[in-house]
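Chemist: predicted model and sequence below, questions to follow.
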Amino acid sequence: MSKDKSKDILEKASSLRWEVGDNFHDKLTEGIYADAANISQRVEIKEGQGDYSFDRKLDRILTSRGFGFPIMFLILSVVLWLTIQGANYPSGMLATLLLENIHPLLKQGVASIGMIWWLDGFLIDGVYLALAWVIAVMLPPMAIFFPLFTLLEDFGYLPRVAFNMDSMFRKSGAHGKQALTMTMGWGCNAAGVVATRIIDSPRERLIAIITNNFSLCNGRWPTQILIATIFIGALVPSGWAGLTSTAAVIGIALLGVVLMFFSSWMLSRTVLKGEVSTFALELPPYRPPRFWKTIYTSLIDRTLIVLWRAMLFAAPAGAVIWLVSNIHVSDGSLANWSIEYLDGFGLLLGLNGVILLAYIVAIPANEIVIPTILMLTVANLNMMGLGAGEGVMFELDSSLETGNILKAGGWTLLTGVNLMLFSLLHNPCSTTIYTIYRETKSWKWTALASIMPLILGFVVTFLVAQFWRLLR
Amino acid sequence: MSEDITKGCDTCLFYNSAQLKKLGVNVDNADHVVALAGNPNTGKSTVFNVLTGLKQHTGNWPGKTVTRAEGGYSYGDKQYKLIDLPGTYSLLSTSEDEEVARNFILFGQPDVTVIVVDASRLERNLNLVLQVLEITDRAVLCLNLMDEARRHGIEIDERTLSKDLGIPVVPTSARNNEGIPKLIQTIQDVASGKIICKPHRIKSLPKAISKAVDKLNTQIRNAYPDLPNSRWVAMRLLDGDQDVMRALTEGEFQSLEYSEQG
């Protein structure tokens, strides 16, 4: 019975639609605007005409043709430089505390209760050291980077970034709002992928999802910063080291942006053809950030949550690393065998077997790539003097020592540069891959989004390695 | 009502904690469902966080919330479930984030819809307010970002605004905790029926169109007497909204009626 009523209503609606013509939507919208204007005229009392002159002046500078981009680079540089310079000292202190002081205590503790050697190794040398490493390496840069980034966000700067980059995204066939999801990706790619929901057109949304991985995320900034400090910063006198490594990291981040444009352009010319849609981007007013509240919430919400995630993945990874280093097949450990197996391909790319194995172990979280690399390097070289045993992540309280280990493992400047490139260009972490699947509901697009950056990474590192070797 | 609450009390932690219990995500048996709607970047998530004690990420850019977040608080002896909807400029378009908001207000039937607006951009924000008021007749206008409006030399005549819209208006500055107690009290008054709203209906329509709307509205009302937003449904049908058509054929409106009574 109610089915009939509904049918009657629909029929009536369609006949009335004929009567009113197809401008119903416009007339309704006009009516709403007229009512809104009437009411606001009655109730709004403006002294002067609402003083936004400061916002406008600031916008004229921050989004101007001439200054917009230089100011963006400058701000990004300052944020990164503060992170790199500021993180060094607390990182060293944390490493001393967690690795040099607490680790031996734990070892003594378990020795005194007589724990079996492999359980001791598995828990203390595997799981605990992996966790300690992640905290020492990641906490300080995050505790500086996130609050700074959040302050910028609260101030209202991100929409201006989007405004500046809008035309470039449109030229590459993508949606201008992709600039916003790109900046979200600089925090976390999974969050960036979810944020693409603000893009209405499915075609442009897919482009934004697939290319979000080119935004360096939380898990990768520390890798970039550390490797740049070790290999690039060391090329210049120490007074310039901070600035030079900052420049190198920015170079990688910008390369990511360029590749995002390029791959968006490729996608919109091939598998995702279509028109660019227009949209209105509201530039919100600048708001003075609430300084302490921002610091507090970004520390609690972002830093600790990301750190927790890293630890969650680091613990099992530490265990796996310890296992593959301690399970022996004929005359070598599982780790030795797989590194040897991957070495040929790795060297072809200007990387090595250790790095490739580390990237396989670290699929769940990019954060643990560097700890894994160091640990595997030591295990593989059997540098017993440095490491405390096979599959043990050891104490490294300065980037200098980290550098020495890596150089002992056969690393060169090329390895450092290509690791930075590969860290930008490889498959997204498993959380992001899962998020892409959830958002696109398609294995096809998920596979494309996961494999495309990896192939690009192979190609780029391969080419760099070949040219490098040619030029030498 | 809470006229006796002076401004000094608003920002006082002791006052707030005595009355308001932030329940975080614990909202299993809520007495009232409250939706937070509004334009992007008007501070909905900040209001949400102040009320629930949760920490939805807030940021100064439009489109930050893309999914709906849920939390709760209790006030007096009632428990409230609060839904933070994605910000939208209108309920007439079809992007995915806007659809979340639209469908929830239309089909989720919140007991109270709090429309958060930017006091310094009232005219633009009113477009959405007027659309929401076509859908629901239990709403509160949260005139947020009052500090910003004041800084820009804008004052709002709240009483006239309240009279014109037919719903209570509460000026707030959520990030400074200003006006929040009054907001909580007003939500309770609307939810309990102490305040009856007479929401504004869109007036400036050409004759032919408003006639067509009325005709269809009458027929819908006859078929579904308990549907509170029949006029909006009529407008959406005349606009050819596929979602609303589907909801009608699949009997979603019918189930709404029953849940209303139950």
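Modeler: Here it is on my side, so go on. Numbering: from 1, shown residues only, chains lettered A, B, ... in the order given.

Chemist: buried sites along whatever helix or strand A:I252 lives in?
Modeler: With elements taken from DSSP states H and E, the one containing A:I252 is helix A:238-269. Buried residues in helix A:238-269, counted by 16 or more other C-beta atoms under 10 Å in any protein chain shown: A:241-242, A:244-250, A:252-253, A:255-257, A:259-261, A:263-268. Backbone N, C-alpha and C define where each C-beta goes, glycine included.

Chemist: so what secondary structure elements neighbour it?
Modeler: Helix A:238-269 sits against helix A:68-95, helix A:158-171, helix A:178-185, helix A:202-211, helix A:221-227, helix A:413-424, helix A:443-471, with contacts defined as 3 or more C-beta pairs under 8 Å, 6 or more residues apart in numbering or on different chains; DSSP states H and E.

Chemist: mean neighbour count, distance to A:I300 and mean pLDDT for those - can I get that in TSV?
Modeler: Converted to TSV, the helices and strands packed on helix A:238-269 look like this (neighbours: other C-beta atoms under 10 Å in any protein chain shown; distance: least, C-beta to C-beta, whole Å; pLDDT from 0 to 100):
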stretch	mean neighbour count	distance to A:I300	mean pLDDT
helix A:68-95	17	18	83
helix A:158-171	20	21	84
helix A:178-185	27	19	83
helix A:202-211	25	29	92
helix A:221-227	26	20	84
helix A:413-424	22	28	94
helix A:443-471	16	31	94
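
Chemist: and B:N127, which of those is closest to it?
Modeler: Nearest of the helices and strands packed on helix A:238-269 to B:N127, taken as C-beta to C-beta: helix A:158-171 at 20.1 Å.

Chemist: quick one: contacts of that closest one?
Modeler: The contact list for helix A:158-171, computed with C-beta atoms under 8 Å, 6 or more residues apart in numbering or on different chains, reads A:59, A:62-63, A:68-69, A:72, A:152, A:175-180, A:182-183, A:261, A:264-265, A:276, A:281-284, B:59-62.

Chemist: relative to helix A:178-185, how tilted is that helix?
Modeler: Interaxial angle of helix A:158-171 relative to helix A:178-185 (axes from the mean of the first three to the mean of the last three C-alpha atoms, to 10 degrees): 120 degrees.

Chemist: tell me what angle helix A:158-171 forms with helix A:238-269.
Modeler: 50 degrees.

Chemist: right, so of the helices and strands packed on helix A:238-269, which gets closest to A:I368?
Modeler: The nearest among these, by C-beta to C-beta, is helix A:221-227 at 9.8 Å.

Chemist: any idea how far the closest one is from the chain center?
Modeler: 11 Å (C-alpha atoms, centre = their mean, to the nearest Å).

Chemist: so what touches it?
Modeler: By C-beta under 8 Å, 6+ apart, helix A:221-227 touches A:80, A:83-84, A:87, A:137-138, A:141-142, A:145, A:216, A:245, A:248-249, A:252-253, A:366-367, A:369-370, A:399, A:402, A:416, A:419-420, A:423-424.

Chemist: same question for stretch B:238-250.
Modeler: Contacts for stretch B:238-250 (C-beta under 8 Å, 6+ apart): A:3, A:6-7, A:9-10, A:13, A:16-17, A:20, A:24-25, A:28, B:92, B:99, B:103, B:106-107, B:209, B:212-213, B:216, B:233, B:236-237, B:253.

Chemist: just the buried members of the residues you listed?
Modeler: A:6, A:9, A:13, A:16-17, A:20, A:24, A:28, B:92, B:99, B:103, B:106, B:209, B:212-213, B:216, B:233, B:236-237, B:253.

Chemist: state the mean pLDDT of stretch B:246-259.
Modeler: Taken as a whole, stretch B:246-259 has an average pLDDT of 62.

Chemist: of all the helices and strands packed on helix A:238-269, which one is nearest B:K22?
Modeler: B:K22 lies closest to helix A:178-185 among the helices and strands packed on helix A:238-269, at 27.5 Å (C-beta to C-beta).

Chemist: what is the closest one packed up against?
Modeler: Partner elements for helix A:178-185 (3+ C-beta pairs under 8 Å, 6+ apart): helix A:158-171, helix A:189-195, helix A:202-211, helix A:238-269.

Chemist: the same query, at a cut-off of 6 Å, please.
Modeler: helix A:158-171, helix A:189-195 (3 or more C-beta pairs under 6 Å, 6 or more residues apart in numbering or on different chains; DSSP states H and E).

Chemist: closest to A:L98 out of the ones you listed?
Modeler: Using C-beta to C-beta, the nearest of the helices and strands packed on helix A:178-185 to A:L98 is helix A:189-195, at 27.7 Å.

Chemist: the residue of the stretch 101-250 of chain A at minimum distance from chain B and A:Q178, how far apart?
Modeler: Closest to chain B within the stretch 101-250 of chain A is A:D200: 3.5 Å, counting by C-beta to the nearest C-beta. Distance, A:D200 to A:Q178, by C-beta to C-beta, to the nearest Å: 12 Å.

Chemist: likewise for A:V110?
Modeler: 52 Å.

Chemist: just to revisit the earlier point, of the contacts of stretch B:238-250, which belong to strands?
Modeler: Counting by DSSP state E, none of the members of the contacts of stretch B:238-250 fall within strands.

Chemist: could you check the angle helix A:158-171 makes with the helix or strand harbouring A:F146?
Modeler: A:F146 is part of helix A:129-155, with elements assigned from DSSP H and E. Angle of helix A:129-155 versus helix A:158-171, following the same axes, to 10 degrees, is 90 degrees.

Chemist: any bit of helix A:129-155 sitting next to chain B?
Modeler: Yes - judged by C-beta under 6 Å from any C-beta of the partner chain, helix A:129-155 comes into contact with chain B at A:153-154.

Chemist: confirm that B:K22 sits in a strand.
Modeler: Yes - checked against DSSP: H, G, I helix; E, B strand; the rest coil, B:K22 lies within a strand.

Chemist: what sits against it?
Modeler: B:52-53, B:73 (C-beta atoms under 6 Å, 6 or more residues apart in numbering or on different chains).

Chemist: tell me which element B:P228 is part of?
Modeler: Applying DSSP H and E, one finds B:P228 in no helix or strand.

Chemist: where does chain B have low pLDDT?
Modeler: B:1-20, B:23-28, B:55-68, B:93-97, B:251-262 (pLDDT under 70).

Chemist: any chance of the helices and strands packed on helix A:238-269 in JSON lines, with distance to A:Q41 too?
Modeler: Output for the helices and strands packed on helix A:238-269, formatted as JSON lines (distance: least, C-beta to C-beta, whole Å):
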{"stretch": "helix A:68-95", "distance to A:Q41": "36"}
{"stretch": "helix A:158-171", "distance to A:Q41": "28"}
{"stretch": "helix A:178-185", "distance to A:Q41": "33"}
{"stretch": "helix A:202-211", "distance to A:Q41": "38"}
{"stretch": "helix A:221-227", "distance to A:Q41": "50"}
{"stretch": "helix A:413-424", "distance to A:Q41": "53"}
{"stretch": "helix A:443-471", "distance to A:Q41": "49"}
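
Chemist: among those, which is nearest B:V116?
Modeler: helix A:158-171 (18.8 Å).

Chemist: ranges for the helices of the stretch 101-250 of chain B?
Modeler: With DSSP state H, counting those that start in this stretch as the criterion, the stretch 101-250 of chain B has helices at B:122-135, B:146-151, B:158-165, B:180-191, B:207-223, B:230-238, B:242-249.

Chemist: most neighbours per residue, which of these?
Modeler: For the helices of the stretch 101-250 of chain B, the largest average neighbour count (mean count of other C-beta atoms under 10 Å in any protein chain shown) is found in helix B:230-238, namely a mean of 24.
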